[in-house]
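Asks: Sequence isn't available, so here's the structure alone:
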């Protein structure tokens, strides 16, 4: 199996996972458990596997968000709902959303869960805080909730590896976001909404990237910037790939999950373009 399988499988894991951020069942569940507003729901639900951690831990593991945005949500989130309550709410609401969006997912989950579990257990957790925390979450009895939790573990495994690549290349959180947006032809002002950075901070990051030859003076990505992005994505694939070598038939797993992922992509609930890097198919 070559490294590209890690990316191919991510394209079906990620849509199944991200209902937790965008689908109405999941947004309502965060409110019902006591979390206040979208961003407290986001930070609280995603960080919950790590326990009642500090804002500094969330800032480090989530990487690309403005520290002020993180600190507006954490640690206050833990005073409204315990991580254990949040974990129950997020898995139950994700299962509801997936059943609505992807008919037939119960049957798929029964077949896919043993394969997904084998990948999760085979994955190297060294240096991967969000992945290891998700792997330690007890597997839900509900098969669709279990499928969602497996995808949560594997997307965080990939994400943790990607952050290591960014750090190795000397890109901090704001710079990595600006470079990614430039590479995808997106305007930086969206990062104020999605990540909390001010226009002045974004301009400063663009200037720093231009000083490295990664952007031009107009904020457009250069050939050197595109080459760096390509190299980082390939390295991210390489770091994620070893876990999938336990699969005898990775194409079979893809074939199981792709018909479930596509309706999520087509639902209109996932925004395009998005800061996750998921492309519409």
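Replies: Ah, there it is. Values in this document were obtained by computation on a predicted structure and should not be read as measured data.
Asks: shouldn't residue 270 be in contact with residue 281?
Replies: No. Between residue 270 and residue 281 there is no contact under CB atoms under 8 Å: 11.4 Å. C-beta coordinates here come from the backbone N, C-alpha and C atoms, glycine included.
Asks: which of the two has more neighbours?
Replies: residue 270 (19 against 10; other CB atoms under 10 Å).
Asks: Who are the contact partners of the more buried one?
Replies: The contact partners of residue 270, taken as CB atoms under 8 Å, 6 or more residues apart in numbering, are 15, 18, 22, 264, 278.
Asks: Could you give the backbone dihedrals for residue 221?
Replies: Here is the backbone geometry of residue 221 (degrees, to the nearest 10): phi -70, psi 140.
Asks: er, residue 215 I mean
Replies: phi -130, psi 160.
Asks: residues contacting it?
Replies: Residues near residue 215 by CB under 8 Å, 6+ apart: 178, 179, 182, 206, 209, 221, 222, 225.
Asks: Now the residue of the chain most remote from its centre: closest residue in space that isn't a chain neighbour?
Replies: In terms of distance from the mean C-alpha position of the chain, residue 217 ranks first, at 30.7 Å (CA atoms, centre = their mean). Beyond its immediate neighbours in the sequence, the residue positioned closest to residue 217 (CB to CB, 6 or more residues apart in numbering) is residue 210, lying 6.2 Å away.
Asks: Excluding sequence neighbours, find me the nearest residue to residue 132.
Replies: Sequence neighbours aside, residue 125 is the residue nearest to residue 132 in space, at 4.2 Å (criterion: CB to CB, 6+ apart).
Asks: Sorry, wrong one. I was asking about residue 10.
Replies: Once flanking residues are discounted, residue 10 sits nearest to residue 158: 5.8 Å by CB to CB, 6+ apart.
Asks: For the one you found, what is the enclosing helix or strand?
Replies: In this assignment (DSSP states H and E), residue 158 forms part of helix 143-168.
Asks: what mean pLDDT does that helix have?
Replies: Per-region confidence: helix 143-168 scores 98 on mean pLDDT.
Asks: Give me the buried positions along it.
Replies: Of the residues in helix 143-168, 143-163, 165-166 count as buried by neighbour count, 16 or more other CB atoms under 10 Å.
Asks: if we can go back for a sec, the contacts of residue 270 in helices, which ones?
Replies: Secondary structure from DSSP state H places 15, 22, 264 of the contacts of residue 270 in helices.
Asks: Which one of these sits in the busiest neighbourhood?
Replies: Highest neighbour count within those: residue 15, with 27 neighbours (other CB under 10 Å).
Asks: doesn't residue 264 make contact with that residue?
Replies: Yes. Between residue 15 and residue 264 there is a contact under CB under 8 Å: 4.3 Å.
Asks: Helices along the stretch 151-281 of the chain, start to end?
Replies: For the stretch 151-281 of the chain, helices defined by DSSP state H, counting those that start in this stretch occupy the ranges 173-183, 190-195, 199-211, 223-240, 250-266.
Asks: which residues are in contact with the second one?
Replies: Residues external to helix 190-195 that are found in contact with it (CB under 8 Å, 6+ apart): 64-66, 69, 173-174, 177-178, 181, 197-199, 202, 275.
Asks: Just the buried ones among the residues you listed, please.
Replies: 64, 65, 66, 69, 173, 174, 177, 178, 181, 197, 202, 275.
Asks: circling back: hmm, which two among the contacts of residue 215 are most spread apart?
Replies: 178 and 222 (13.1 Å; CB to CB).
Asks: how distant is the helix or strand bottoming out on mean pLDDT in the chain from the center of its chain?
Replies: Ranked by mean pLDDT, DSSP states H and E, the weakest helix or strand in the chain is helix 190-195, scoring a mean of 90. Mean-position distance between helix 190-195 and its chain equals 16 Å (CA atoms, centre = their mean, to the nearest Å).
Asks: and the helix or strand harbouring residue 39, what other elements does it pack with?
Replies: In this assignment (DSSP H and E), residue 39 forms part of helix 37-47. Helices and strands touching helix 37-47, by 3 or more CB pairs under 8 Å, 6 or more residues apart in numbering; DSSP states H and E, are helix 19-22, helix 24-33, helix 55-62, helix 77-80, helix 83-101.
Asks: Surely residue 61 and residue 131 touch.
Replies: No. Under the criterion of CB under 8 Å, residue 61 is not in contact with residue 131, lying 9.9 Å apart.
Asks: With that, I have no additional questions.
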